[in-house]
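Peer 1: Build me a model from this:
(one chain, ligands or ions: 2)
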Amino acid sequence: MALLYDGSMRILSGMQPSGDPHLGNYLGALRQWVDGQSPDAFYCVVDLHALTLEISPEKLREQTLNLYATFLATGLDPNVCTIFVQSHVPYHAQLSWLLECVASYGELTRMVAFKEKSQRQEGYRVSLLTYPVLMVADILLYEATHVPVGEDQRQHLEITRDIAERFNHRYGETFRVPVGVQPKVAARVQDLQEPTRKMSKSVSSPLGTIYLYDEPQELQRKIMKAVTDTDGEMRFDWEHKSGLANLLEIYASFSHETPDAIAQRFERYGDFKKDLAGLLIESLGPIQRRYRELRSDEGYLRELMAEGALRAADQAGSVYRRAATAMGLL
Ligand code: AMP
Ligand code: TRP
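Peer 2: Residues are numbered from 1 along each chain as shown. Ligands and ions are numbered 1, 2, ... in the order given. Presented below is the predicted three-dimensional model:
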């Protein structure tokens, strides 16, 4: 659905601290979060979700701080919205348990993300299967009406709606049923080397992922080496020219033009790529500078985390108690 924020929206979204934030995270999610921030918006680093795959304690700590600083660096303002870390608010794990008693095994095994990730490793964790239920809890605790996420999360939004409706039907009206919101361009940024696959923290090729904190030379190199095609025609066509289409969408999301209009402005791939690299360096520069400043003051980040957790718990606690009571817990 189109992105039009108005005052009656309650927004919740989350991001996993499972790797370094990349351009897909920024264009598919973070940038919309910033557009939608208000006192009715809640954004969290979902550290519990990151435990579904192997991650060392040091890395998890480090990346949680990095991602929290990234939220701030991209423009989220703790004086405007609530920014917190999922595990600091115990109601997420608690409501997740209650909802596991409403979700069915079958619907969880049908999740595409589960099928993909479980195939990649033997002895995967049970939490990889139950992960969507925790995400449902994240969303329902904040009575969200809108959840801004990239295209890859659509199925998880559907299961959120199904579980909320099932719960309401079984135990009485308890949860608000949310919808997902996706950006119009760049809802799905593809890997620059393998444009049929989404840009991702975990599985992309080293040259295929643009990280938010890549140095200018690195940004330049990745764009110039991005896979296109051999017909040399500047045209926006996802079906036949996915590499170029991906780059055009990235360009469009920064320049606020349409991909078609950009394709018409350039004759040659090389010129277009050079321009795109310049645009990226210019657009990411201020975010990178703010990030370095914020990340160097861990004490400040931790203070903000504590404040955010208090505000979040206030909201989440009342919904958790309502759900627990509805199910018959004394
Ligand atoms: P994750 O990195 O999987 O925790 O995703 C965090 C947010 O970024 C989610 O809202 C995703 O939908 C979004 N996201 C992740 N990868 C991409 C991508 N390649 N293109 C667009 N959005 C993405
Ligand atoms: N599952 C999401 C992802 O991998 C992250 C997430 C967890 C989330 N809880 C959420 C997103 C709640 C939106 C709302 O990207």
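Peer 1: what residues are up against Phe266?
Peer 2: Residues near Phe266 by Cβ atoms under 8 Å, 6 or more residues apart in numbering: Met234, Phe272, Asp275. Yep, even glycine has a C-beta here, placed from its N, CA and C like the rest.
Peer 1: Among the residues you listed, which one has the most neighbours?
Peer 2: Most neighbours among those, by other Cβ atoms under 10 Å: Phe272, with 21 neighbours.
Peer 1: Report the secondary structure element holding that one.
Peer 2: Assigned by DSSP states H and E, Phe272 falls within helix 269-295.
Peer 1: hmm, back to that, and the contacts of Phe266 as JSON lines, adding pLDDT and distance to ligand 1?
Peer 2: Output for the contacts of Phe266, formatted as JSON lines (pLDDT from 0 to 100; distance: Cβ to the nearest ligand atom, whole Å):
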{"residue": "Met234", "pLDDT": "96", "distance to ligand 1": "23"}
{"residue": "Phe272", "pLDDT": "97", "distance to ligand 1": "21"}
{"residue": "Asp275", "pLDDT": "98", "distance to ligand 1": "22"}
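Peer 1: Mind pulling up the pLDDT for the residue of the chain found nearest ligand 2?
Peer 2: Proximity of the chain to ligand 2 (Cβ to the nearest ligand atom) peaks at Gly14, 3.3 Å away. Gly14 carries a pLDDT value of 97.
Peer 1: number of nearby residues for it?
Peer 2: Other residues close to Gly14 by other Cβ under 10 Å number 24.
Peer 1: My understanding was that it contacts Ala50; is that so?
Peer 2: No. Using Cβ atoms under 8 Å, Gly14 makes no contact with Ala50, being 10.6 Å away.
Peer 1: now stretch 233-247: how far from the chain's centre is it?
Peer 2: Centroid separation for stretch 233-247 versus its chain: 25 Å, with Cα atoms, centre = their mean, to the nearest Å.
Peer 1: how about that stretch: buried residues?
Peer 2: Met234, Phe236, Lys241, Ser242, Gly243, Leu244, Ala245, Asn246, Leu247 (16 or more other Cβ atoms under 10 Å).
Peer 1: can I get those in TSV with distance to Leu310 and secondary structure?
Peer 2: Converted to TSV, these look like this (distance: Cβ to Cβ, whole Å; DSSP: H, G, I helix; E, B strand; the rest coil):
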residue	distance to Leu310	secondary structure
Met234	52	coil
Phe236	47	coil
Lys241	50	coil
Ser242	46	helix
Gly243	47	helix
Leu244	48	helix
Ala245	45	helix
Asn246	41	helix
Leu247	43	helix
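Peer 1: what residues does the stretch 201-330 of the chain put near ligand 1?
Peer 2: Proximity of the stretch 201-330 of the chain to ligand 1 (Cβ under 6 Å from any ligand atom) is limited to residues Lys201.
Peer 1: Which single residue in the stretch 201-330 of the chain comes nearest to ligand 1?
Peer 2: Closest point on the stretch 201-330 of the chain to ligand 1, by Cβ to the nearest ligand atom, is Lys201, at 5.1 Å.
Peer 1: so what's the residue in the chain sticking out farthest from the centre scoring on pLDDT?
Peer 2: Distance from the C-alpha centroid of the chain peaks at Leu330, with 36.0 Å (Cα atoms, centre = their mean). The model reports Leu330 with a pLDDT of 97.
Peer 1: Quickly note the distance from it to Ala324.
Peer 2: According to Cβ to Cβ, to the nearest Å, Leu330 and Ala324 sit 9 Å apart.
Peer 1: Leu284 now?
Peer 2: 44 Å.
Peer 1: for Ala137, same thing?
Peer 2: 12 Å.
Peer 1: Tell me which of these two has more neighbours.
Peer 2: Ala137 (28 against 16).
Peer 1: Pull the contacting residues for that one.
Peer 2: Counting by Cβ under 8 Å, 6+ apart, Ala137 has contacts Tyr91, His92, Ala93, Leu95, Ser96, Leu99.
Peer 1: Quick check: nearest residue in space to the last one, chain neighbours excluded?
Peer 2: Excluding its sequence neighbours, the residue lying closest to Leu99 (Cβ to Cβ, 6 or more residues apart in numbering) is Val133, at 5.0 Å.
Peer 1: which SSE is that neighbour in?
Peer 2: Per DSSP H and E: helix 126-141 holds Val133.
Peer 1: Equivalent analysis for Gly180, please.
Peer 2: Per DSSP H and E: strand 179-181 holds Gly180.
Peer 1: List the buried residues for that strand?
Peer 2: For strand 179-181, burial by neighbour count (16+ other Cβ under 10 Å) applies to Gly180, Val181.
Peer 1: wait, does that strand contact ligand 2?
Peer 2: No. Using Cβ under 6 Å from any ligand atom, strand 179-181 stays clear of ligand 2, with a minimum separation of 8.4 Å.
Peer 1: Pull up the pairing partners for that strand, direction included.
Peer 2: The pairing partners recorded for strand 179-181 under DSSP bridges are strand 146-148 (parallel).
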